[in-house]
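Participant: build the 3D model from these lines:
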Amino acid sequence: MRGSEYIDWSQYRHLYEEISVPARSVLLEEGKVSRYAYFIIEGAVRVWFNNKGKDTTFQFFFEGEGVSSIESFRTGQPSMCTIETITAARLYKISKENLELVIDSTPGLRPKMEEIMFQRLLRYASMFISQIRDTPQERYEALIRDQPHILQRVPLQYIASYLGITPVSLSRIRNKLHR
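Facilitator: I've put the predicted structure just below:
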């Protein structure tokens with residue numbers, strides 16, 4: 001949920017809380033109801049779920065992006081995922097009600113947010129198809145090509161999880177490509 005560049009946050013200070021958290025802080029635990037959305041000022045965040053005792057990362061977020069468990073945030077149902085900081089982070093934390101106030105009082109923001117959500121849906125669909133169609137090496141090569149910033153900021157064990165492989169398999173792929 002990119003979108004923080006469309007909002008003049010200074011005029012809404014009374015509606016959100018700025019928080020600083022250390023690396024590996026859980027912002028939302030899988031199975032809990034999401035009460036807040038977060039906009040990242042500094043830091044990196046991952047979204048993951050428990051897959052039979054193993055954590056599976058399916059998204060990364062960085063400065064200027066917003067993150068929430070959107071299905072839980074919008075519906076009040078338990079979250080299907082955990083949101084956790086990868087690095088120390090500074091974030092704006094805002095409730096659903098207050099985010100709606102910001103959206104309603106910022107001209108043109110709602111259509112921009114809808115476009116952001118649509119782009120995220122396309123990214124998820126692409127990731128889903130890639131997990132079925134592409135080999136792990138092809139997925140890694142696509143990550144290098146399309147999102148190289150992830151490789152610079154995210155530990156390899158989370159990248160391996162994101163690609164649906166073990167860290168050992170990722171190491172083999174990286175060695176093969178760097179020969």
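
Participant: mind listing the strands for this protein?
Facilitator: 16-21, 26-28, 36-42, 45-51, 54-61, 66-67, 82-85, 89-95 (DSSP state E).

Participant: adjacent strands (with direction) for the second one?
Facilitator: Just to be clear, that refers to strand 26-28. strand 82-85 (antiparallel) (DSSP bridges).

Participant: pull the residues that contact the partner strand.
Facilitator: 21-30, 38, 43-50, 55, 67-69 (C-beta atoms under 8 Å, 6 or more residues apart in numbering). Heads up, the C-betas are built off the backbone N, CA and C, glycines and all.

Participant: stretch 17-30 now?
Facilitator: With C-beta under 8 Å, 6+ apart, stretch 17-30 has contacts from 34, 36, 38, 41, 45, 49-50, 67-69, 72, 78-94.

Participant: what about the helices in this structure?
Facilitator: Per DSSP state H, the chain carries helices over the ranges 70-75, 96-105, 109-133, 136-146, 148-153, 156-163, 167-177.

Participant: now the last one: mean pLDDT?
Facilitator: When you say that, I think you mean helix 167-177. In this model, helix 167-177 has an average pLDDT of 96.

Participant: can you check the third one too?
Facilitator: Rounded to a whole number, the mean pLDDT of helix 109-133 is 88.

Participant: now for this structure, the helix or strand with the poorest mean pLDDT.
Facilitator: Least confident helix or strand of the chain, by mean pLDDT, DSSP states H and E, is helix 109-133 with a mean of 88.

Participant: next, the angle helix 96-105 makes with that one.
Facilitator: 120 degrees (axes from the mean of the first three to the mean of the last three C-alpha atoms, to 10 degrees).
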